[in-house]
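**Q** below are the sequence and a predicted model for it; my questions follow.
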Amino acid sequence: MKNVVMLLLSIIFVMTACSEKQSGSTASSSTNEAIDCILTRTSVRRYIPGKTIGADTVEIMLRAAMAAPTAVNKQPWAFVVVNERAVLDSLMAACPYAHMLEQAPMAVVVCGDLSKALDGEARDMWIEDASAATENLLLAAHALGLGAVWTGVYPVQERMAGVRKALSMPQSIVPLAVVPVGYPAGESTPKDKWNPDNIHYNAW
């Protein structure tokens, strides 16, 4: 199983994709698949009711999340997998924009673990690390034929308090995002966000 997981991840993500040099070719098949995964990912808010997600699939998503870059390799993240209906409903009550949890068979709550964070003014780099992990999670879900959506929790105090209460979290754990995951009900079209006006070279 471990070898299968690592092979999937190497295909899915640019940072772990293996460049297979081919004569007369400028990009390998695996790299093309990784780029396609990134460009076609979109937020999915409707899921097929009652279709659950296997434990092996969940592990692949979490392995992908933990493959994200992290400052000084601190890995100040933690993940709560929620697949009980009562707890999903509690999260939905705490997060006003996470109504899709009503259909989702599961969610992953991505958190920062402040006990693992850097000291001093670099402490808040946990936010960048956990955000990178969240994006990896979303890409893995898409590559596996699932749909997912990032619903923000941090830094809204009311949402953070609600999620902490629903999951009995200690104060050292900060919920960054709730990510509902399920099998998509219908097609979703990704947005084209390419805009050359946002690019600068060498100076502003």
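**A** Thanks, I have the structure now. All values reported here derive from a predicted model rather than from experimental measurement.

**Q** mind giving me the packing neighbours of the lengthiest helix in the chain?
**A** Longest helix in the chain by number of residues, with DSSP state H as the criterion: helix 125-143. Packing partners of helix 125-143 (3 or more C-beta pairs under 8 Å, 6 or more residues apart in numbering; DSSP states H and E): helix 2-12, helix 29-40, helix 55-65, strand 77-82, strand 106-113, strand 147-148, strand 173-182. Quick note: C-beta positions are derived from backbone N, CA and C, even for glycine.

**Q** that one: how far from the chain's middle?
**A** Taking C-alpha atoms, centre = their mean, to the nearest Å, the mean C-alpha location of helix 125-143 is offset from the chain mean by 4 Å.

**Q** what angle do it and strand 106-113 make?
**A** 160 degrees (axes from the mean of the first three to the mean of the last three C-alpha atoms, to 10 degrees).

**Q** begin at 16, not 1, for the rest of this chat.
**A** All set: I'll call the first residue 16, so the last point we hit is now helix 140-158.

**Q** format the CA atom coordinates belonging to helix 140-158 as CSV.
**A** Taking Å, rounded to 0.1, in the frame of the first residue of the first chain, the C-alpha atoms of helix 140-158 are listed here in CSV:
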residue,chain,number,x,y,z
MET,A,140,4.4,31.0,9.9
TRP,A,141,2.3,28.1,11.0
ILE,A,142,-0.5,29.8,9.0
GLU,A,143,1.6,29.5,5.8
ASP,A,144,2.5,25.9,6.6
ALA,A,145,-1.1,24.8,7.4
SER,A,146,-2.3,26.7,4.3
ALA,A,147,0.1,24.8,2.1
ALA,A,148,-1.1,21.6,3.6
THR,A,149,-4.7,22.5,2.9
GLU,A,150,-3.9,23.2,-0.8
ASN,A,151,-2.2,19.8,-1.0
LEU,A,152,-5.3,18.2,0.5
LEU,A,153,-7.5,19.9,-2.0
LEU,A,154,-5.4,18.8,-4.9
ALA,A,155,-5.2,15.2,-3.7
ALA,A,156,-9.0,15.1,-3.3
HIS,A,157,-9.4,16.3,-6.9
ALA,A,158,-6.8,13.8,-8.2
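
**Q** and that helix, what's its mean pLDDT?
**A** Along helix 140-158, the predicted local confidence has a mean pLDDT of 98.

**Q** what sits against Leu129?
**A** The contact partners of Leu129, taken as C-beta atoms under 8 Å, 6 or more residues apart in numbering, are Pro91, Arg138, Trp141, Ser187, Ile188, Val189.

**Q** and the end-to-end length of stretch 55-69?
**A** End-to-end distance of stretch 55-69 (C-alpha to C-alpha, to the nearest Å): 23 Å.

**Q** typed the wrong thing, it's stretch 177-186
**A** The straight-line separation of the ends of stretch 177-186 (C-alpha to C-alpha) is 13 Å.

**Q** with stretch 208-219 instead?
**A** Between the opening and closing residues of stretch 208-219 lies a distance of 21 Å (C-alpha to C-alpha).

**Q** which other residues reach it?
**A** When contacts are taken as C-beta under 8 Å, 6+ apart, stretch 208-219 has no neighbours outside the stretch itself.

**Q** surely Ser130 and Ser187 touch.
**A** Yes - Ser130 lies in contact with Ser187 (C-beta atoms under 8 Å); the separation is 5.0 Å.
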